[in-house]
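> For reference, the sequence and a predicted model appear below.
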Amino acid sequence: MSRTDIVREIRRATRRKLSAEEKVRIVLEGLEERSPSASIGHKNPWV
């Protein structure tokens, strides 16, 4: 086994397992950060 194979195996074994709900939450948080209306809301809370 090469070094890269060992590193890949370790990463595979220690990779975090996310539930469907956690995946959706992460995606929605990312979309909120990119949304132009989100940035407007932070500048002007009345919009």
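Alright, I've got the coordinates.
> how many other residues sit next to residue 15?
Neighbours of residue 15 under the rule other CB atoms under 10 Å: 8. For glycine as for every other residue, the C-beta is placed from the backbone atoms N, C-alpha and C.
> and what of residue 17?
For residue 17, the neighbour count with other CB under 10 Å is 5.
> next one: residue 32
11.
> which of the residues in the helix or strand containing it are buried?
Using DSSP states H and E, residue 32 maps to helix 20-34. By 16 or more other CB atoms under 10 Å, helix 20-34 has no buried positions at all.
> Check which helices and strands it sits against.
On a contact count with 3 or more CB pairs under 8 Å, 6 or more residues apart in numbering; DSSP states H and E, helix 20-34 meets no helix or strand.
> Quick one: mean pLDDT over that helix.
Mean pLDDT, helix 20-34: 89.
> now that helix, how far from the centre of its chain.
In this view, helix 20-34 has its centroid 7 Å away from the chain centroid, taken as CA atoms, centre = their mean, to the nearest Å.
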